[in-house]
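In: With the input below, show me the fold.
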Amino acid sequence: MNVTVCVLSYSAMRLPGLILTIVLIGFTCTATSQNTVVHERRQRAAAAFRDGILLFHASSELDLTADGFRQDPFFYYFTGLGNTVGAVLAIDGRSGESWLFLPSKPPFLRIGLQPEIQPGPEATKRLGMEHVVDWSELEGFLASHAGEAEPLYYGDDLSTFAELPANLLSPKSPEAPTWLQIILQRWPAFEAKESGERIEALMAVQSAEETAALRSAAKATVAAVMAGMRAIRPGVSQRSVEAVVENTCWSVGAHGSSFWPWAMAGDNAVFPRPFTSLARYDHLNQNMRSGDLVRLDVGCEQDHYIGDLGRTVPVSGHYDEDQRETWQIFVAAYHAGVLGLHDGATVDQVFDAWRAELLRHRASAKTPLAQHAIDSWSDRKNVPYWQVHTTNLMAGRPVGPLRLGTTINFEPIASIDGQGFFLEDMYLITRDGAELLTPGVPYSAEDIESAMR
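Out: Below you'll find the predicted structure:
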């Protein structure tokens, strides 16, 4: 816990500018507290990667089609800078010091925009960082370490594709991003090591402030899911439902959506097809048809932290007999898995609880779809997208057992006979189990049908 104490002297209290003094002191204390938190994060990172250098690149693109600038999650976590474009952060594991290299002449200066922060002593004090310099100094920094052949650690962005063929890239680290390839070509002694899971593990346990932001994101996401449910009906387009979700995120006070909503109907709801939407101009848009199921998977964002929540919804407003029984069994297995969420639990243990509940319904299942689903889903190789993931500035992969203070999403994903089934909530791992952060969204077939009316 970081505690900041601010003392206002008696003499200051007697000044006419009392209100201004209090405001300024409050701002200073808030900034100091934030600096302390982010500095501690960098120190933990240095200790975890003490044999090398962690490199993070701020987002370097301005997007006129986006609702706002979205910072790289890793860069933001270790700097607290949400509006800095193109910078490079280096955390030196051996010295424990951090270097922020800022672009000399960012392109956007040509249109009159000013950078969030500039090199110099004022910036080092503001950020609580050892070095904030022009990025021309990055060359000297790397050259001074190249002789020791220290590994360069980075976190991969799984949403990006390779920008060049492998035969033009570093033979030792062909999967490293393009900006890092230039460094590897200049100093071949370096080797880049993708370390996303290790970095995500440093981010997994949240502070009270982070948890508060996640609670706000979760609350807004509940409203967005409910609005999305009510917008689903035969003949409407997936896009129209997505638009309702996006509008709801904003209208309830969130910062838009944390990812573009998935209102995937029919075949589009069967994994891995939803991923195809990410590379499609039309986002797999189609009109919804009666009898189909919809994967309604949405999230609102608050203070950079993401919400993530969803249900499987019938387009017609009613599940047919096979869908109803299969969904009810799916929900029962989900709740059994939730009971296994606690500090120290493994993802495999959660799956075992989910699977055991599925099998418990095998003898009583009446419809062919439900029987087939139980037989298929109880074998893990048939549900490759079933998952538990961490949730903070991004969705991550849990490393090892679940930990106290971590926000996770339990997200069983399965399909059978061309129909997709999916259920997801946000949970905070507590001393006694898991606290549901997204209450108020129905589970049973009857309650979902009622919510859609």
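
In: For the residue most central in space within the chain, give me its contacts.
Out: The residue lying closest to the centre of the chain (CA atoms, centre = their mean) is residue 394, at 1.5 Å. When the contact criterion is CB atoms under 8 Å, 6 or more residues apart in numbering, the partners of residue 394 are 73, 200, 306. Where you see a C-beta, it was placed from the backbone N, CA and C, and this is true even at glycine.

In: The helix or strand containing the second one: what's the following helix or strand?
Out: Taking DSSP states H and E as the definition, residue 200 sits inside helix 196-203. Helices and strands here follow DSSP H and E; after helix 196-203, the next one along the chain is helix 208-231.

In: If you count contacts, what does that following helix end up packed against?
Out: Packed against helix 208-231 by the contact rule (3 or more CB pairs under 8 Å, 6 or more residues apart in numbering; DSSP states H and E) you find helix 238-251, strand 293-298, strand 301-302, strand 305-306, strand 309-314, strand 425-430, helix 445-452.

In: Format the ones you listed as JSON lines; extra columns: mean neighbour count and mean pLDDT.
Out: Shown next, in JSON lines, are the helices and strands packed on helix 208-231 (neighbours: other CB atoms under 10 Å; pLDDT from 0 to 100):
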{"stretch": "helix 238-251", "mean neighbour count": "20", "mean pLDDT": "98"}
{"stretch": "strand 293-298", "mean neighbour count": "27", "mean pLDDT": "98"}
{"stretch": "strand 301-302", "mean neighbour count": "24", "mean pLDDT": "98"}
{"stretch": "strand 305-306", "mean neighbour count": "26", "mean pLDDT": "98"}
{"stretch": "strand 309-314", "mean neighbour count": "26", "mean pLDDT": "98"}
{"stretch": "strand 425-430", "mean neighbour count": "22", "mean pLDDT": "97"}
{"stretch": "helix 445-452", "mean neighbour count": "16", "mean pLDDT": "98"}
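
In: what's in contact with the helix or strand residue 76 falls within?
Out: For residue 76, the enclosing helix or strand under DSSP H and E is helix 73-79. Residues outside helix 73-79 that contact it (CB under 8 Å, 6+ apart) are 38, 41-42, 45, 56-59, 81-82, 84, 87, 89, 91, 98, 100, 127, 129, 155, 199, 203, 304, 393-394.

In: For the chain, name the helix or strand with the lowest mean pLDDT.
Out: Least confident helix or strand of the chain, by mean pLDDT, DSSP states H and E, is helix 10-13 with a mean of 32.

In: For residue 329, see how far away the nearest residue in space to residue 336 that is not next to it in sequence is.
Out: Nearest in space to residue 336, with sequence neighbours left out and distances taken as CB to CB, 6 or more residues apart in numbering, is residue 357 at 3.6 Å. Residue 357 sits 8 Å away from residue 329 when distances are taken as CB to CB, to the nearest Å.

In: Compare the two and say which one has the larger neighbour count.
Out: Neighbours per residue (other CB atoms under 10 Å) separate residue 357 from residue 329, with residue 329 holding more: 24 against 21.

In: tell me which residues of the host helix or strand of that one are tucked away?
Out: Using DSSP H and E, residue 329 maps to helix 321-338. Across helix 321-338, burial judged by 16 or more other CB atoms under 10 Å covers 322-334, 336-338.
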